[in-house]
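Undergrad: my questions are about this predicted structure, shown below with the sequence.
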Amino acid sequence: MEGITDGIFRQAHHKIFGGIDVYCLPFHKLTQSLSLLTREERDISPEENEGLTVLPQALTRDPEQLSAWLLYVSECGYSCADLNLGCPSPTVTGRGRGSGMLRDPGYLQSFLDRVFSNTLPVSLSAKTRIGYDSPDEWPGILDILSAYPFSHVTVHVRTTKDQYTGSARPEAFGLALRKGLPHPVYNGDLRTADDVAALPARFPGVEAVMIGRGLLKDPALARRIRGGAEAGREELAAWYETLYEGWNSRFGRTVALGRIKKLMEWPVEGDIRRKRLLRRADCIESCVGAVLDG
Ligand SMILES: Cc1cc2nc3c(=O)[nH]c(=O)nc-3n(C[C@H](O)[C@H](O)[C@H](O)COP(=O)(O)O)c2cc1C
């Protein structure tokens with residue numbers, strides 16, 4: 001999640017809460033020149049991810065760009081990478097990238113033919129939505145994705161049109177299992193340990209889940225899914241302070257305060273009073289007070 005889950009976030013999260021097997025890196029937006037942004041280069045560097053298992057991700061509709069990037073990923077020392085077929089942002093889909101690739105199944109298939117026609121230097125997974133306009137597109141997309149040797153496919157159970165708040169469509173995951181999509185990973189609206197615990201009863205073949213916003217709201221969620229403790233107040237205060245200090249030393253006070261507030265809006269979602277206090281806070285101590293004490 002670009003602008004939030006950088007190396008400072010991942011390292012602090014791993015140290016304080018843990019419970020995550022693989023941290024997915026925010027996508028690299030590939031370009032013709034293949035040059036990465038400074039932020040993207042830093043994010044994928046082995047130093048930034050020391051001690052963590054991470055999954056780099058690319059956004060592109062150009063098979064040559066993807067091949068060159070996969071080589072770069074392997075030279076960085078990683079053994080797996082992910083293709084983004086899920087980003088719903090109009091600036092991305094308008095150029096036929098991210099979930100914009102789902103709108104043109106013919107192109108998706110020829111793109112994947114070219115990508116998989118070479119021996120890949122790292123294993124490749126994909127992150128997809130279940131259609132562009134409608135879930136009726138899902139069976140066709142599944143036929144295409146199932147034909148390639150992806151190491152896994154993460155399924156965000158929404159269409160592009162649904163964006164992030166339209167109703168999730170979990171039944172689409174059942175179809176992915178029945179159709180033999182390689183190692184499908186469930187994603188979408190997993191907010192509590194109970195949400196995750198309920199999945200195997202509904203989808204006996206589910207092997208793994210991906211968590212997005214739930215972890216921003218409750219950083220101990222992955223630990224709780226594994227039967228661990230809820231986050232305590234002191235732990236949460238240490239979490240926010242550690243992030244602030246990391247961002248402050250890297251970007252300076254103004255950026256750090258902006259970032260920490262952006263993150264802290266998640267746990268106070270729906271709480272108008274705390275949200276107002278957070279907005280007015282002008283230092284990390286008052287941010288922590290606003291969110292944890294109200
Ligand atoms: C701010 C933000 C940034 C995101 N960035 C990425 C990204 O770089 N790559 C990706 O695959 N998904 C990205 N996502 C989507 C999430 O990974 C996830 O699929 C989506 O939020 C649904 O899962 P959730 O309900 O657990 O959050 C992003 C989501 C948000 C809200």
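TA: Cool, got the structure.
Undergrad: what residues are up against G140?
TA: P105 (C-beta atoms under 8 Å, 6 or more residues apart in numbering). Yep, even glycine has a C-beta here, placed from its N, CA and C like the rest.
Undergrad: buried ones in the helix or strand containing it?
TA: According to DSSP states H and E, G140 maps onto helix 138-146. Neighbour-count burial for helix 138-146 flags 138, 141-142, 144-145 (criterion: 16 or more other C-beta atoms under 10 Å).
Undergrad: pLDDT of it, averaged?
TA: When pLDDT is averaged along helix 138-146, the result is 98.
Undergrad: can I get the helix or strand following it in CSV? Just the C-alpha atoms.
TA: Going down the chain from helix 138-146, the next helix or strand is strand 153-156, by DSSP H and E. The C-alpha coordinates for strand 153-156 follow below in CSV (Å, rounded to 0.1, in the frame of the first residue of the first chain):
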residue,chain,number,x,y,z
VAL,A,153,-3.0,-16.1,-7.7
THR,A,154,-4.4,-13.7,-5.1
VAL,A,155,-8.1,-13.0,-5.8
HIS,A,156,-9.6,-9.8,-4.6
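Undergrad: in strand 153-156, what counts as buried?
TA: For strand 153-156, by 16+ other C-beta under 10 Å, it's 153-156.
Undergrad: any idea which of these is the one closest to the ligand?
TA: H156 (4.2 Å; C-beta to the nearest ligand atom).
Undergrad: just flag the most distant two among the buried residues of strand 153-156.
TA: V153 and H156 (10.6 Å; C-beta to C-beta).
Undergrad: can you pull the residues that touch both of these two?
TA: Common neighbours of V153 and H156 (C-beta under 8 Å, 6+ apart) are 127-128.
Undergrad: run the chain-centre distance for the helix or strand harbouring L177.
TA: Using DSSP H and E, L177 falls within helix 171-178. Remark: helix 171-178 is offset 21 Å from the chain centroid, using C-alpha atoms, centre = their mean, to the nearest Å.
Undergrad: how about stretch 238-246?
TA: Distance, centroid of stretch 238-246 to centroid of chain: 21 Å (C-alpha atoms, centre = their mean).
Undergrad: the closest residue to C283 other than its chain neighbours in helix, strand or coil?
TA: Excluding its sequence neighbours, the residue lying closest to C283 (C-beta to C-beta, 6 or more residues apart in numbering) is L257, at 7.5 Å. Following DSSP: H, G, I helix; E, B strand; the rest coil, L257 is assigned to helix.
Undergrad: thought L257 was touching V288?
TA: No: with contact defined as C-beta atoms under 8 Å, L257 does not reach V288; the gap is 12.0 Å.
Undergrad: more neighbours, the two?
TA: Neighbour count, other C-beta atoms under 10 Å: between L257 and V288, V288 has more, with 22 against 19.
Undergrad: just the helices in the stretch 1-150 of the chain please.
TA: 7-16, 38-44, 63-75, 90-93, 105-116, 138-146 (DSSP state H, counting those that start in this stretch).
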